[in-house]
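**Q** Build me a model from this:
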Amino acid sequence: MTLYPKLILDALTNVRYPGTGKNLVEAGMVEDNIRIEGMKVSFSLVFEKPTDPFMKSVVKAAETAILTYVSRDVEIQGNISVKTMQTPRPEVTQLLPQVKNIVGISSGKGGVGKSTVSANLAVALAKLGYKVGLLDADVFGPSMPKMFQVEDARPYAEKVDGREMIVPVEKYGVKLLSIGFFVDPDQATLWRGGMASNALKQLIGDALWGELDYFLIDLPPGTSDIHLTVVQTLAMTGAVVVSTPQDVALADARKGINMFTNEKVNVPILGLVENMAWFTPAELPENKYYIFGKEGAKRLAEEMNVPLLGQIPIVQSIREGGDNGRPVALDEDSITGRAFLSLAASLVRQVDKRNVEMAPTQIVEMHK
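**A** Modelled structure (predicted):
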């Protein structure tokens, strides 16, 4: 049997790229460099981005198509080479070079108000005059688009130094990105861990975050691949753990603290936030009702020798602010507004303290 390029191209028309539904030839993904020596074949497939989640499956499908539609005797030399149209993202150590502090907001379990704290903390930091970015890394349950009332926003791409970069949405002085901008909000996100991690890496490394004083990452509840992806992708300043005073939540918060301080992860805990610390009715602002227990997170902070950054009460306006896209931290004259501004100030103090403590170590490293 004699091989020639058209046989290879015809075989590749049977493989469709999932991102567009077009076959590889129609999509212009087969580079014009098909080389044939007897029954040996080699060529390149071109993908738009080096992080394309379909890359491996498409390459495998292309190999199978050639063996199926051309001949089982074809030998594909050195596998199929892959090229990308986009300049690869920088190495981990060079990601986000204009960001001063990267802080993960975490919780041991869901339902403790971690995303509400993240949104209001970001707004409060912006109100204090800092440049703030917020990444909604809760891939399977993104909530930031609703909390900022930007559900209809569609971030666009801008070409910078040969790379297509996502431009974050901006509102209330906060730069914001979420997987929620790119998926159907009414459909479940059915992704395996690898796809979720790749999507997250794109939102971190392929976005125009620019100069930031604080880059907050709203992590999913619990401990997962996403947490490992973040700590392996970024040099984090530290983590903030959110919990209610309830014993069940505190048990999971303890696990979250242990995850970050594990020697394989080694991310400092900047402090604990006690959310839903007490209930205060609007008509009786001086009254406190400890629905979920009293000062449980405060005791845990003392036990684990980490700072208690703040206690946030349950007030109806917090829920209303989250639902209508106007975080309560915008109203600095309210009880909750003042609570979140105090929380932001506490975080700044802890970050400054850590940076001062790290400075001598960095000087020693520079002189080695």
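
**Q** Residue 225 reaches residue 198, doesn't it?
**A** No: using Cβ atoms under 8 Å, residue 225 is not in contact with residue 198; the gap is 10.8 Å. No exception for glycine: its C-beta is placed from N, CA and C like everyone else's.

**Q** Can you pull the residues that touch both of these two?
**A** With contacts taken as Cβ atoms under 8 Å, 6 or more residues apart in numbering, residue 225 and residue 198 have no neighbour in common.

**Q** Could you give the separation of the helix or strand where residue 301 lies from the chain centroid?
**A** Element membership of residue 301 [criterion: DSSP states H and E] is helix 296-304. The chain centre lies 28 Å from the centre of helix 296-304; the measure is Cα atoms, centre = their mean, to the nearest Å.

**Q** Give me the domain ranges for the chain.
**A** For the chain, automatic domain parsing gives the domain ranges 5-84, 92-366.

**Q** Out of these, which is the most enclosed?
**A** domain 92-366 (a mean of 18; mean count of other Cβ atoms under 10 Å).

**Q** any idea of the pLDDT on the closest residue to residue 311 other than its chain neighbours?
**A** Excluding the flanking residues, the one nearest residue 311 by Cβ to Cβ, 6 or more residues apart in numbering is residue 277, at 3.9 Å. We have a pLDDT of 88 for residue 277.

**Q** what's the answer for residue 54, then?
**A** Reported pLDDT for residue 54: 83.

**Q** cool, and residue 192?
**A** 61.

**Q** what's the answer for residue 42, then?
**A** If you check residue 42, the pLDDT there is 86.

**Q** now it: how far from residue 17?
**A** In this view, residue 42 and residue 17 are 20 Å apart by Cβ to Cβ, to the nearest Å.

**Q** Please apply the same query to residue 163.
**A** The spacing between residue 163 and residue 17, counted by Cβ to Cβ, is 21 Å.

**Q** Also residue 105?
**A** Taking Cβ to Cβ, one finds residue 105 at 36 Å from residue 17.

**Q** repeat for residue 57
**A** Computed as Cβ to Cβ, the residue 57 to residue 17 distance reads 10 Å.

**Q** And the strands in the stretch 151-300 of the chain?
**A** 157-160, 163-166, 169-171, 174-178, 212-218, 238-243, 269-279 (DSSP state E, counting those that start in this stretch).

**Q** Sketch out the low-pLDDT regions of the stretch 151-300 of the chain for me.
**A** When residues are selected by pLDDT under 70, those of the stretch 151-300 of the chain lie in 185-194, 223.

**Q** now with 80?
**A** 161-163, 182-199, 222-229, 231-233, 263-264, 282-285 (pLDDT under 80).

**Q** Which parts of the stretch 1-150 of the chain are helices?
**A** Shown for the stretch 1-150 of the chain, the helices assigned by DSSP state H, counting those that start in this stretch span residues 5-12, 55-69, 114-127, 144-147.

**Q** So for residue 219, which of those sits nearest?
**A** helix 114-127 (7.7 Å; Cβ to Cβ).

**Q** how far does that closest one sit from the chain's center?
**A** 16 Å.

**Q** go on, stretch 13-30?
**A** 29 Å.

**Q** Show me what the helix ranked longest in the chain is packed against.
**A** When the chain is scanned for its longest helix (criterion: DSSP state H), the result is helix 335-366. Judged by 3 or more Cβ pairs under 8 Å, 6 or more residues apart in numbering; DSSP states H and E, helix 335-366 is in contact with strand 99-107, helix 114-127, strand 238-243, strand 269-279, strand 308-314.

**Q** With distance to residue 52 added, can I get the strands of the stretch 151-300 of the chain in a markdown table?
**A** Converted to a markdown table, the strands of the stretch 151-300 of the chain look like this (distance: least, Cβ to Cβ, whole Å):
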| stretch | distance to residue 52 |
| --- | --- |
| strand 157-160 | 15 |
| strand 163-166 | 12 |
| strand 169-171 | 24 |
| strand 174-178 | 19 |
| strand 212-218 | 23 |
| strand 238-243 | 30 |
| strand 269-279 | 35 |
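
**Q** Looking at the ones you listed, spot the one closest to residue 24.
**A** Nearest of the strands of the stretch 151-300 of the chain (Cβ to Cβ): strand 163-166, 20.6 Å.

**Q** if we can go back for a sec, the helices and strands packed on helix 335-366 into TSV, with extra columns for distance to residue 174?
**A** Shown next, in TSV, are the helices and strands packed on helix 335-366 (distance: least, Cβ to Cβ, whole Å):
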stretch	distance to residue 174
strand 99-107	13
helix 114-127	5
strand 238-243	16
strand 269-279	18
strand 308-314	18
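
**Q** so which of those gets nearest residue 53?
**A** Short answer: strand 99-107, nearest of the helices and strands packed on helix 335-366 by Cβ to Cβ, at 23.5 Å.

**Q** do you know how far residue 96 is from residue 70?
**A** 46 Å.

**Q** Also residue 62?
**A** From residue 62 to residue 70 the distance is 11 Å (Cβ to Cβ).

**Q** repeat for residue 125
**A** 59 Å.

**Q** same check, this time on residue 309
**A** With Cβ to Cβ as the criterion, residue 309 and residue 70 are 64 Å apart.

**Q** Could I get the contacting residues of the residue nearest to the spatial centre of the chain?
**A** A centroid search over the chain (Cα atoms, centre = their mean) returns residue 137, at 3.2 Å, as the residue closest to the centre. If a contact means Cβ under 8 Å, 6+ apart, then residue 137 has 200, 203, 217, 218, 219, 220, 226, 230 as its contacts.
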